[in-house]
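# sequence first, predicted coordinates after that:
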Amino acid sequence: MPTFLAAPIIGVKNLKVPSARRCVVALALVLISAGLWAGAPYRAQAQEQQGAAVDRQSQPVSVKLVVESQTVQSGAVITPAVHFTIPNNWHIYGPNPGKIGLPTKVTYTVPPGFSIGEVSWPPHKSFEQPGGFTGYGYDKEMTLSAPVQIPDKLPPGEKFEIQAEVRWLSCYDRCIPGHAKLSKEFTVVAQ
């Protein structure tokens, strides 16, 4: 055993060296919490486009903002949705990822006077992760939507924008944080 692992720590008696498996898991958690998610230099760079973001060199998962129509009536409820396309063998996490992983987050921004409901999450899958932990999330495809109430008295021809800021962690043989800012413009039409 290397001496740095067996060396006593001041004030700690009978220290047991954790198993290699626990060390790997602990190291992964430390790296994630040290800033990979929040913006450290190794963070994957996201493209910011009107409605879609993907860079297959740094981020295997693509996201886009989808809507039923970009013409809407005053007073209607629309349901914009962020759609994730996840390559084979990769996964992203749900709102409760388990002991390892980071939750996927979608933050919608709507104009003043509009109201937005809760994000709707589809049923998740469970998968085995390094260290024997169970993770909860999605593979292949996943869509997160939220209802948006449009104010009653918007005049025909009025334009407005809905934005979605998205953060996720995609994993396979490594984990890559993802981030995208998506938007769609809408036009109000007569009823």
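The structure has been received and is ready for your questions.
# Met142 touches Ile86, doesn't it?
Yes - the criterion here is CB atoms under 8 Å, and Met142 meets it with Ile86 at 6.9 Å. Backbone N, C-alpha and C define where each C-beta goes, glycine included.
# which residues do these two both contact?
Ile92 (CB atoms under 8 Å, 6 or more residues apart in numbering).
# who does Val188 bridge with?
Bridge pairing for Val188 (DSSP bridges) gives the partners Val72.
# same check on Thr107?
Applying DSSP bridges, one finds that Thr107 bridges with Glu165.
# read off the pLDDT value for it.
On pLDDT, Thr107 comes in at 96.
# what's the separation between the closest residue to Gly94 other than its chain neighbours and Val106?
Excluding its sequence neighbours, the residue lying closest to Gly94 (CB to CB, 6 or more residues apart in numbering) is His124, at 4.1 Å. Counting by CB to CB, to the nearest Å, the gap between His124 and Val106 amounts to 15 Å.
# same question for Phe127.
Distance, Phe127 to Val106, using CB to CB: 21 Å.
# more neighbours, these two?
Using other CB atoms under 10 Å, the more surrounded residue of Phe127 and Val106 is Val106, with 22 against 17.
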